[in-house]
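>>> how would this look folded up:
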Amino acid sequence: MTHPATQKIRINGDRLWATLMELKEIGAYDDEATALRGVRRLALTDADAEARRRCVRWMTEAGSRSGSTGSATSTPPARDATGPCRAC
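Below is the predicted model of the structure:
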């Protein structure tokens with residue numbers, strides 16, 4: 001049996017993909033050996049801090065109260081499942 005709240009969750013796939021594509025550019029690099037693009041975002045680096053700040057900004061824009069940048073967690077404004085939600 002599933003929890004009633006999980007039956008109302010909807011994901012905007014286009015918005016999720018756009019968010020991930022924007023986030024992947026922070027700390028991105030091109031590997032000449034493999035010709036692939038990757039992400040290197042080590043903890044406590046400028047790239048890590050920038051990515052966390054971006055996530056906190058998205059959560060704030062969605063109406064959540066965000067915690068410290070170090071944890072990048074948020075609390076939804078209400079139990080309204082119809083509003084947007086972002087988490088990193």
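>>> CA atoms for contacts and neighbours, from now on please.
Noted.
>>> Show the residue spans covered by the strands in the chain.
With strands called from DSSP state E, the chain shows them at 28-31, 36-39, 65-66, 74-75.
>>> Asp48 and Val39 touch, don't they?
No: Asp48 is not in contact with Val39 according to C-alpha atoms under 8 Å; the separation is 10.7 Å.
>>> joint contacts of the two?
Among the neighbours of Asp48, those also in contact with Val39 (C-alpha atoms under 8 Å, 6 or more residues apart in numbering) are Gly27.
>>> What about Ala33? Give its phi and psi, please.
The phi and psi torsions at Ala33 (degrees, to the nearest 10) take the values phi -70, psi -40.
>>> residues in contact with it?
Ala33 neighbours (C-alpha under 8 Å, 6+ apart): none.
>>> Which strands and helices lie in contact with the top helix by length along the chain?
Once the chain is assigned using DSSP state H, the helix that runs over the most residues is helix 46-61. Judged by 3 or more C-alpha pairs under 8 Å, 6 or more residues apart in numbering; DSSP states H and E, helix 46-61 is in contact with strand 65-66.
>>> Looking at the strand it packs on now, give me its mean pLDDT.
When the per-residue pLDDT values of strand 65-66 are averaged, the result is 66.
>>> How far does stretch 20-40 stretch from one end to the other?
Using C-alpha to C-alpha, to the nearest Å, the end-to-end distance of stretch 20-40 comes out at 15 Å.
>>> which parts of that stretch are buried?
Buried residues in stretch 20-40, counting neighbours by 16 or more other C-alpha atoms under 10 Å, are found at 23-24, 26-27.
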